Structure formats: C-alpha cells, structure tokens
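K.L.:
With the sequence up front, the predicted model follows.
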Amino acid sequence: MAQLYDRVALIGLGLIAGSMFHAIKRAGLAGEVVGYARSAETRDVAREIGLCDRVVDSAAEAVEGADLVMLCVPVGAMGAVAAEVAPALKQGALVSDVGSTKVAVIEAVAPHLPEGVHFIPAHPLAGTEQSGPRSGFAELFDNLWCLFTPLEGTDPDVLARYKSLWNGMGANVDEMDAPHHDLVLAVTSHTPHLIAYTMVGVADDLQRVTDSEVVKYSAAGFRDFTRIAASDPTMWRDVFLSNKEATLEILGRFTEELFALQRAIRTGDGDHLHDYFTRTRAVRRGIIDAGQDTDMPNFGRNAK
Ligand SMILES: NC(=O)c1ccc[n+]([C@@H]2O[C@H](COP(=O)([O-])OP(=O)(O)OC[C@H]3O[C@@H](n4cnc5c(N)ncnc54)[C@H](O)[C@@H]3O)[C@@H](O)[C@H]2O)c1
Ligand SMILES: O=C(O)C(=O)C[C@]1(C(=O)O)C=C[C@@H](O)C=C1
C-alpha cells in the first residue's frame, strides 16, 4: 500500500501505539514513525526493541514536523498531553487519539488544538489484557473495527486519508457521534469489564475460604473473566471515570436483570431462566452470522 503520511508521531508507547507502529511498517504507510512516552524506562525499552524509527525525550519534539499525531495514552491523560504538544504542532497536521471513550476525550483535547490543525477522534475496537511497549503486534487490528467520531465540519480529504490509514492497518472503519459511541461501548466493553473485575474480585475473596481451589479448578468461563480482569488498571480506571453516565445507565439495567434472575432461581422459575438463556444464545448466533466468529484469526486469540 502507498505511503500516506511522511511523519507519524506516537505519544504513549503501549499496546495500541506499539501495534500501530508494527501495522504501519507492515504496509509501508508512513515515511517515519517518531515515538514518545512519559517514562524514561518505557522510552529505553522502545529504543532497545526498535519500537519506532526514532524515540525522543519530549512530546513537543515528537510532534515537530509530524503530519499525523496519535495520542495513545490513557483517556485521563489525553487533555494534558494535548496541551503539551499543541504549541509544537505543524499547521495542517492531523491529531487523533485511540481512547476507549470519546465525549470526555473530545472535551479534553479539542480546546487545546490551534487553528489550522485537524482533529479526528478514533477508537480501535481491538485490544488484549496486555499493556506496555513490548505488548504490541502488527495483526492486532486485522478484520476488526475502528470507530471514528468526527466533529462537524471535518475536512473530507483529511478524513479519507485517515480512513485509508486504518484500512491499511487492517481495520474496517465506521463513523458515529461521540455520545452514541460511549453508550454502545458501555454495553459492549465497559460494563462487561466491570462485571469481570467484580467476579474475579469475588473469587479472590472466596479463595481464602476455599483454600485456593478457585484457582486450581477454574473453569473456562471463569478463566475468560480472569483474562479480562487482568487488563491495565490505569486504563480502566480512566475509562469508568470518563464514561460515567453511560456506564451507570447500563449497570442499572444490568442490576435489574440480575435481580430478576436471582428471583427466578429462588422461586424455582425454570421457564424464566430457560427463556432468558434462549434469548441470549441467539445474540451469540447473531454475532457469528455477522462474521465475528471464532474462526476469524484474531477472535479470542488471547484467551489462554
Ligand atoms: N488496551 C486496549 O484493549 C485498548 C483498546 C482500544 C483502545 N485503547 C485505548 O488506547 C489508549 C492506550 O491504551 P494502551 O492499551 O495502549 O495502554 P498502555 O498502558 O499499554 O500504554 C499507554 C502508554 O501511555 C504512556 N503514558 C501514560 N500517561 C502518559 C502521559 N501523560 N504522557 C505520555 N505518555 C503517557 C504510558 O507510559 C504507556 O507507555 C487508552 O486511551 C485506551 O483507552 C486501549
Ligand atoms: O480483548 C480485550 O482484551 C479487550 O477487552 C479489548 C477491548 C474490548 O472491550 O473489546 C477493550 C477496550 C477497548 O477500548 C477496545 C477493545
């Protein structure tokens, strides 16, 4: 594929930035990729493993002359990083982010960006429970979605080129508005993570009671929960604090359904349980029919 940007700057060198670097290189999408992370230790690791063509010691230096600046830090740090890079941004540059929430990131980033700089918020629906500079890999985005939440008046040429970048990295791109994104992701990603964290927390409490049998005999379903609950604590703290309303709304609905199931178990209402599980089974079949099945190369690839 053709080169789309002369210079790309990656700010924050973790799972997503690392995967972007490898995917950009795989397809030759950029002339040079410059990287910066806040911690000197991360920058040293990045240099050691050849993550980025050049790793520099300040965010401002990283964005100098860059055509595309990717903010790949936890969502709670996006505003501060945008403020740090703003004075050094090139006129005409595109700034984007990969944050898991969109309304809060737009509110935090947009006010810092100078006139003549474009901003297209994005969210790749791709990840693992791993984090840090060693965790990225080129195939992460293959056949998965990247959601854009463009602001009104976004330049169509800038948008088209940026879409080509994500396509070149293997992803399919779709667009929606930011509040809708946050509600959808509260259902499909944020609340499920909170439930996994809770279930593993409960098991950890019981571990002491059951003399480690919880770990020894952990069944497949619970093992999937532990993978999710091993995700980065800083990232997920920020996700919940920045998508508060939508997550609380979905959690409220979740609790109501849970109480109804609890009641059905207590009262021996087998029909309720059977009907409910029949309905949820159909959701899984719908996902498989939509092509998101387990034969896809990167579906559930990290479930160990
Ligand atoms: N992990 C996932 O599954 C996933 C998926 C899609 C989107 N995201 C989003 O992508 C972003 C990055 O997530 P990740 O999984 O790559 O995280 P990560 O923890 O692997 O990497 C984050 C990097 O940002 C650096 N960093 C933190 N604060 C910084 C600051 N103030 N200035 C400069 N660097 C800073 C960290 O040192 C680290 O190198 C987050 O906003 C997250 O919500 C994550
Ligand atoms: O596979 C995983 O580990 C993930 O949880 C990835 C996942 C998700 O919920 O699907 C997590 C957060 C992101 O913002 C996008 C993707």
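P.N.:
Nice, thanks for sending it over. All figures in this text were calculated on a predicted structure; none of them were measured in a lab. Ligands and ions are numbered 1, 2, ... in the order given.

K.L.:
any idea which residue sits dead centre in the protein?
P.N.:
What sits nearest the mean C-alpha location of the chain, by CA atoms, centre = their mean, is Ser100, with 4.6 Å.

K.L.:
Excluding residues flanking it in the chain, which one is nearest it?
P.N.:
Nearest in space to Ser100, with sequence neighbours left out and distances taken as CB to CB, 6 or more residues apart in numbering, is Val239 at 5.0 Å. C-beta here means a position set from N, CA and C on the backbone, and glycine is covered the same way.

K.L.:
Over to Val158?
P.N.:
Leaving aside its chain neighbours, Val158 sits nearest to His118 (4.8 Å; criterion: CB to CB, 6+ apart).

K.L.:
Tell me the bridge partners for the one you found.
P.N.:
Counting by DSSP bridges, His118 forms beta bridges with Leu94.

K.L.:
wait, isn't the residue nearest to the centre of the chain in contact with Leu185?
P.N.:
Yes. Between Ser100 and Leu185 there is a contact under CB atoms under 8 Å: 6.7 Å.

K.L.:
what touches both of those two?
P.N.:
Both Ser100 and Leu185 are contacted by 123, 243, under the criterion CB atoms under 8 Å, 6 or more residues apart in numbering.

K.L.:
If I look at the residue found closest to Lys102 once you drop the neighbours it is linked to in the chain, what pLDDT would I see?
P.N.:
Excluding its sequence neighbours, the residue lying closest to Lys102 (CB to CB, 6+ apart) is Ala178, at 3.9 Å. At Ala178, the model reports a pLDDT of 98.

K.L.:
what's the burial count for the nearest residue in space to Glu175 that is not next to it in sequence?
P.N.:
Closest residue to Glu175 apart from its sequence neighbours, by CB to CB, 6+ apart: Phe148 at 4.8 Å. By other CB atoms under 10 Å, the residues close to Phe148 number 20.

K.L.:
these two touch, right, Phe148 and Lys163?
P.N.:
Yes. With contact defined as CB under 8 Å, Phe148 counts as touching Lys163 (7.3 Å).

K.L.:
Overlap in contacts, these two.
P.N.:
Joint contacts of Phe148 and Lys163 (CB under 8 Å, 6+ apart) are Val173.

K.L.:
picking that back up, ramachandran coordinates for the residue nearest to Ser100?
P.N.:
phi -60, psi -50 (degrees, to the nearest 10).

K.L.:
repeat for Val8
P.N.:
Torsion angles, degrees, to the nearest 10, at Val8: phi -110, psi 140.

K.L.:
Renumber starting at 682 from here on
P.N.:
Done: numbering now begins at 682, and the last item shifts to Val689.

K.L.:
Write down the beta-bridge partners of it, one by one.
P.N.:
With DSSP bridges as the rule, Val689 is bridged to Val714, Leu749.
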